[in-house]
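*Asks:* sequence first, predicted coordinates after that:
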Amino acid sequence: MVIHIVRFRSTLSDERIAELFQVRASEYLAVPGLLQKYYLRFRTGEHGGVYVWDSAGSMERFMAGRLASTICDVYRVEESVRDVADVLFALYPEAVSA
């Protein structure tokens, strides 16, 4: 399992970003290998997401696809930071297999 964390600054208002998160959420339901996505607003005013992937391959295929290629334009991203980590183990393993 792979965790992909994205954090970004945008020229859009918090309200508009929240609207776009809702509008686009259904598109992520069909992404192969995406186990979960959390939509975030950081206390610094930044926004972002945490993606939980079944594998690095699924994440890489998503990143090379159409939906990922639209993120910066849709959210008018000024700057972003991305981190990727492999999950070593889960405290609640039954939650992982769901």
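*Replies:* That came through fine.
*Asks:* only C-alpha atoms for contact and neighbour calcs from this point on.
*Replies:* OK.
*Asks:* which ones are touching Val81?
*Replies:* Val6, Arg7, Phe8 (C-alpha atoms under 8 Å, 6 or more residues apart in numbering).
*Asks:* just the residues you listed: which are in strands?
*Replies:* Judged by DSSP state E, the subset of the contacts of Val81 located in strands is Val6, Arg7, Phe8.
*Asks:* which SSE is immediately downstream of the longest helix anywhere in the chain?
*Replies:* Taking DSSP state H as the criterion, the chain has its longest helix at helix 14-28. Per DSSP states H and E, the first helix or strand lying C-terminal to helix 14-28 is strand 34-41.
*Asks:* any idea how far Tyr51 is from Phe62?
*Replies:* 11 Å (C-alpha to C-alpha, to the nearest Å).
*Asks:* what's across from the residue most central in space within the chain in the sheet?
*Replies:* Against the mean C-alpha coordinate of the chain, by C-alpha atoms, centre = their mean, the closest residue is Gly49 at 3.7 Å. Beta-bridge partners of Gly49, counted by DSSP bridges, are Val6, Tyr39.
*Asks:* so it sits against Gln36, correct?
*Replies:* No - applying C-alpha atoms under 8 Å, one finds Gly49 not in contact with Gln36, separated by 10.2 Å.
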